[in-house]
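1. sequence unknown, structure follows:
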């Protein structure tokens with residue numbers, strides 16, 4: 001399946017939520033905590049070729065997600081594969097059990113040549129909408145300290161890509177509360193000097209871990 005996604009900065013989260021409620025009768029669910037750990041493997045194109053690999057923790061749920069390179073410079077259209085991790089975990093699993101499974105998978109990816117990178121923590125609220133006969137998921141994320149963002153997303157097989165793309169853009173046109181990031185907003189902020197990667201592995205990892213979050217988010 002292909003993921004068609006548009007991401008926007010939300011200057012006023014309350015106004016955005018009110019607009020969606022008035023125009024589309026949308027109601028977001030209760031907020032959930034999400035922690036995303038992204039991995040880097042330059043030889044395999046993560047993230048240098050626009051690929052992304054992450055482990056997401058949402059409450060007691062763990063999942064690994066692969067995202068392929070973008071197929072459209074104006075929208076995030078890319079292949080997405082998501083698989084649950086630790087399916088034996090029950091909803092009431094204790095914290096230590098969840099973190100042990102997560103640590104085991106991190107070690108597994110490290111053995112395959114991936115290097116743990118930035119962790120992005122957010123509080124996410126989700127709403128679902130059927131628009132022009134297509135199912136969309138709309139999320140409202142609070143990402144400290146960057147602020148609020150929204151994502152408008154749908155999934156489609158390759159043969160439905162053009163139709164899904166047109167309907168996504170039409171939905172966005174109907175809602176103009178959010179302002180598109182398309183990473184321009186992030187790039188316009190003052191940037192720190194580029195980081196160099198010393199030859200020592202440990203120092204290299206430290207630089208990767210300390211890469212400013214806004215710079216990394218531009219690449220995924």
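-> Great, that's in hand. Since the structure is predicted, the reported quantities are computational estimates derived from the model, not experimental observations. Residues are numbered from 1 along each chain as shown.

2. State the distance from residue 76 to residue 151.
-> According to CB to CB, to the nearest Å, residue 76 and residue 151 sit 9 Å apart. All C-beta atoms are positioned from the backbone trio N, CA, C, and that covers glycine.

3. which ones are touching residue 82?
-> Residues in contact with residue 82 (CB atoms under 8 Å, 6 or more residues apart in numbering) are 63-66.

4. Wasn't it part of a strand?
-> Yes. Looking at residue 82 with DSSP: H, G, I helix; E, B strand; the rest coil, it is inside a strand.

5. Which is the succeeding secondary structure element to the helix or strand where residue 101 lies?
-> Using DSSP states H and E, residue 101 falls within helix 95-111. Per DSSP H and E, helix 95-111 leads on to strand 115-131 as the next helix or strand towards the C-terminus.

6. What residues sit buried inside that following strand?
-> Residues of strand 115-131 classed as buried by neighbour count (16 or more other CB atoms under 10 Å): 115-118, 120, 122, 124-125, 127, 129, 131.

7. again with stretch 144-161
-> Within stretch 144-161, the residues scored as buried using 16+ other CB under 10 Å are 146, 148-156, 160.

8. closest to residue 37 among those residues?
-> Proximity of the buried residues of stretch 144-161 to residue 37 (CB to CB) peaks at residue 146, which lies at 17.5 Å.

9. per-residue confidence at the closest one?
-> pLDDT for residue 146: 91.

10. Over to residue 16?
-> pLDDT at residue 16 comes out at 93.

11. Settle this for me: it is touching residue 138, isn't it.
-> No. Using CB atoms under 8 Å, residue 16 makes no contact with residue 138, being 10.0 Å away.

12. Low-confidence regions, the protein specifically.
-> For the chain, applying pLDDT under 70 flags the ranges 87-88, 176-220.

13. The same query, at a cut-off of 50, please.
-> Low-confidence segments of the chain (pLDDT under 50): 182-206, 208.

14. Give me the distance from stretch 78-86 to the chain's centre.
-> 12 Å (CA atoms, centre = their mean, to the nearest Å).

15. if we can go back for a sec, who's more crowded, residue 16 and residue 138?
-> Taking neighbours as other CB atoms under 10 Å, residue 16 and residue 138 compare with residue 138 leading, 22 against 19.

16. Hmm, the more buried one is touching residue 125, no?
-> No. Using CB under 8 Å as the test, residue 138 is too far from residue 125 to be in contact (9.3 Å).

17. Please list all residues in contact with residue 169.
-> Counting by CB under 8 Å, 6+ apart, residue 169 has contacts 6, 75.
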